[in-house]
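Enquirer: Can you look at this prediction? I've put the sequence above it.
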Amino acid sequence: MADQTHVLFVEDDDVIREATQLALERDGFAVTAMPDGLSGLAAFRADRPDIALLDVMVPGLDGVSLCRRIRDESTVPVIMLSARADAIDVVLGLEAGADDYVTKPFDGAVLVARIRAVLRRFGHAGGAGRAERDPVEPDGGPLVFGDLEIDTEGMEVRRAGEPVALTPTEMRLLLEFSAAPGTVLSRDKLLERVWEYGWGGDTRVVDVHVQRLRQKIGQDRIETVRGFGYKLKA
């Protein structure tokens with residue numbers, strides 16, 4: 001298991017849980033599968049997995065609440081699973097700190113692709129293999145936007161001198177904005193670059209992450225350009 005990516009999978013439906021666990025294990029993942037939120041939280045604390053897949057509607061501690069508990073303790077990537085493409089489910093999960101979501105019923109290959117995309121994103125945010133589009137710091141110094149400083153080498157952000165805790169997804173999003181300050185980036189372009197969607201995905205993922213990022217770096221730092229997207233104020 002030491003050389004495998006460890007997945008925590010929380011799902012109360014026995015058939016889905018067992019079938020998905022087998023599918024993930026066939027693709028080389030090590031899987032800890034739990035039937036409810038409380039056992040899932042205990043497994044997370046005991047095993048410290050590489051990624052968590054959380055069904056929204058699980059007993060004991062629902063998936064959204066479990067995501068919040070995990071996010072309070074870790075920046076480990078989280079993908080929410082929902083039986084409905086309902087806006088409330090999606091937004092609540094993303095606002096709780098999830099990095100992405102997949103609607104059930106899902107294709108196993110699609111789920112694996114989304115897991116690997118999230119893990120690649122987290123690997124980049126940790127400093128392993130920076131993408132070519134990452135901004136280059138002038139003279140080795142941080143990028144500065146008012147009271148906001150972005151150290152793209154150390155992957156650290158400070159606001160008014162105080163450190164800002166960003167998840168890797170939030171960091172990737174901020175790097176995209178800081179690479180082209182004052183330039184409008186469409187939601188589709190951000191989905192492609194940050195979430196690695198090669199096709200039209202759900203732009204609510206972008207909107208909620210921008211909202212979360214604004215709460216951390218300043219509400220007025222990222223401007224909405226209606227009908228087009230977002231831009232970082234230069």
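Expert: In hand now; what should we look at?
Enquirer: got a list of what the residue nearest in space to the middle of the chain touches?
Expert: To find the centre residue of the chain, average its C-alpha atoms and take the closest one (CA atoms, centre = their mean): that gives residue 99, at 2.2 Å. Shown in contact with residue 99 (CB atoms under 8 Å, 6 or more residues apart in numbering): 77, 78, 79, 118, 121, 167, 168, 169. Backbone N, C-alpha and C define where each C-beta goes, glycine included.
Enquirer: For the fourth one, list the residues it contacts.
Expert: Under the criterion of CB under 8 Å, 6+ apart, the contact partners of residue 118 comprise 51, 77, 79, 99, 100, 169.
Enquirer: In JSON lines: the contacts of residue 99, plus distance to residue 36 and pLDDT.
Expert: Formatted as JSON lines, the contacts of residue 99 follow (distance: CB to CB, whole Å; pLDDT from 0 to 100):
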{"residue": "77", "distance to residue 36": "21", "pLDDT": "94"}
{"residue": "78", "distance to residue 36": "17", "pLDDT": "96"}
{"residue": "79", "distance to residue 36": "18", "pLDDT": "95"}
{"residue": "118", "distance to residue 36": "23", "pLDDT": "90"}
{"residue": "121", "distance to residue 36": "28", "pLDDT": "80"}
{"residue": "167", "distance to residue 36": "25", "pLDDT": "89"}
{"residue": "168", "distance to residue 36": "27", "pLDDT": "87"}
{"residue": "169", "distance to residue 36": "26", "pLDDT": "91"}
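Enquirer: Using CSV, write out every CA atom in stretch 215-230.
Expert: Extracted as CSV, the C-alpha positions of stretch 215-230 are listed here (Å, rounded to 0.1, in the frame of the first residue of the first chain):
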residue,chain,number,x,y,z
GLN,A,215,-12.8,35.2,1.1
LYS,A,216,-9.2,34.5,1.7
ILE,A,217,-7.4,37.1,-0.4
GLY,A,218,-9.9,39.9,-0.4
GLN,A,219,-13.4,40.2,-1.9
ASP,A,220,-12.4,43.0,-4.3
ARG,A,221,-9.1,41.3,-5.5
ILE,A,222,-10.9,39.2,-8.2
GLU,A,223,-13.3,41.0,-10.3
THR,A,224,-16.3,39.5,-12.1
VAL,A,225,-16.7,40.5,-15.7
ARG,A,226,-20.3,39.7,-16.5
GLY,A,227,-20.8,37.4,-19.4
PHE,A,228,-17.1,36.7,-19.8
GLY,A,229,-15.5,35.5,-16.6
TYR,A,230,-13.1,36.8,-13.9
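Enquirer: Quick check: buried residues in it?
Expert: Counting neighbours by 16 or more other CB atoms under 10 Å, one finds that the buried residues in stretch 215-230 are 216, 217, 218, 221, 222, 229, 230.
Enquirer: likewise stretch 45-57?
Expert: Neighbour counts using 16+ other CB under 10 Å place 49, 50, 51, 52, 53, 54, 55, 56 of stretch 45-57 among the buried residues.
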